[in-house]
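> only geometry, no sequence info:
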């Protein structure tokens, strides 16, 4: 029994995030401070982008919700432009597409195809709760204001992600150390969590939002919708966010827009700057990776407590 006045040592765990290849970007150093202050759970770190109240240099864009039923042609062209390899209906002519879209929306399911879809999942119900938003941001401090559209296939992504990730990190965040029995319990937990939600959930297809720069003044849809490309992938122009296994979020740091990519614990969370490439298209470039330590690397801090 601890007597009055005695000191009691209490050990607490604290995650200390680290930058890989610090290139001097203030947004990256501030994000490390932000994550250290937040001390999110591993599940929250993987699924949610949050800002500590004291880190006022960070904010979310001022998003405006758009009614999909008021923007059929816009949604059709977004799907056709960036999701045609993954959604079966996106290759249909417009009149057929809109009929199929309404059916999918009402049923809460869409038919997925391509990379990321297992053979056993073909023809099955992939969860579909769509959302369309727009905002205006600057990609450089003195750059022009650009309209960005964010389209998601699954509005409740964060809630579903949290339910599943809590199962994955049931016994700590170093999954390779799990015993066979622990893996079985995780699998059962994920099955139970998934049954709470309708349809198959795919990080690869529905993780986060698909973003495009929108040029309303253009007449041709090919010119109106400008996907944000991944920069510095040799011999390939990849659309950022398409086929990504991790959610992407648009954030503001001192009123300049960046993209953040959430990744599982033990790996990195990337931050991207957006700028024009040599061809005049908006493209992303990773400027840093922020690592969240595995359980065995988390710093143990002993706190002295007076009873």
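The structure has been received and is ready for your questions. Because the structure is a prediction, the values reported are computed rather than measured.

> Show the residue spans covered by the helices in this structure.
Using DSSP state H, the helices of the chain run over 26-38, 42-47, 72-82, 94-107, 157-168, 180-195, 203-206, 221-224.

> Confidence-wise, which of those helices is weakest overall?
Between those, the lowest average pLDDT goes to helix 203-206, which shows a mean of 59.

> returning to what we had before: can I get the helices of the chain in CSV with mean neighbour count?
(Glycine included, C-beta is placed from N, CA and C.) Below are the helices of the chain laid out as CSV (neighbours: other Cβ atoms under 10 Å):
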stretch, mean neighbour count
helix 26-38, 17
helix 42-47, 22
helix 72-82, 19
helix 94-107, 14
helix 157-168, 19
helix 180-195, 13
helix 203-206, 22
helix 221-224, 14
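
> Can you say which of the ones you listed is nearest to residue 275?
helix 26-38 (13.8 Å; Cβ to Cβ).

> residues in contact with the closest one?
With contact meaning Cβ atoms under 8 Å, 6 or more residues apart in numbering, helix 26-38 is reached by 15-19, 22, 45, 50-52, 54-55, 57-58, 253-254, 256, 258, 260, 269, 271, 287-288, 290, 292.

> Name the spans of the stretch 1-150 of the chain whose pLDDT lies under the cut-off.
1-13, 115-116 (pLDDT under 70).

> Among the contacts of helix 26-38, which lie within strands?
18-19, 58, 253, 256, 258, 260, 269, 271, 287-288, 290 (DSSP state E).

> now those residues: which count as buried?
Buried residues within those, defined by neighbour count using 16 or more other Cβ atoms under 10 Å: 19, 58, 253, 256, 258, 260, 269, 271, 287-288, 290.

> and of those, the nearest to residue 88?
Distances from residue 88 to those, taken by Cβ to Cβ, are shortest for residue 260, at 30.5 Å.

> Tell me which residues touch the closest one, please.
Applying Cβ under 8 Å, 6+ apart, we find residue 260 in contact with 31, 49, 248-249, 251, 269-272.

> which two in the residues you listed are spaced the farthest apart?
The span of the contacts of residue 260, defined through Cβ to Cβ, is set by 31 and 248 at 14.7 Å.

> Spatially, which residue comes closest to residue 49, not counting chain neighbours?
residue 249 (4.3 Å; Cβ to Cβ, 6 or more residues apart in numbering).

> okay but that neighbour is in contact with residue 258, surely?
No. Between residue 249 and residue 258 there is no contact under Cβ atoms under 8 Å: 9.4 Å.

> intersection of neighbour lists for the two?
Joint contacts of residue 249 and residue 258 (Cβ under 8 Å, 6+ apart) do not exist.

> For residue 252, see how far away residue 260 is.
Distance, residue 260 to residue 252, using Cβ to Cβ, to the nearest Å: 11 Å.

> meant to ask about residue 133, not that
Distance, residue 133 to residue 252, by Cβ to Cβ: 15 Å.

> OK, contacts around the spatially closest residue to residue 196 that is not a sequence neighbour?
In space, and not counting its chain neighbours, residue 196 is closest to residue 163: 6.6 Å by Cβ to Cβ, 6+ apart. Going by Cβ under 8 Å, 6+ apart, residue 163 touches 193-194, 196-197.
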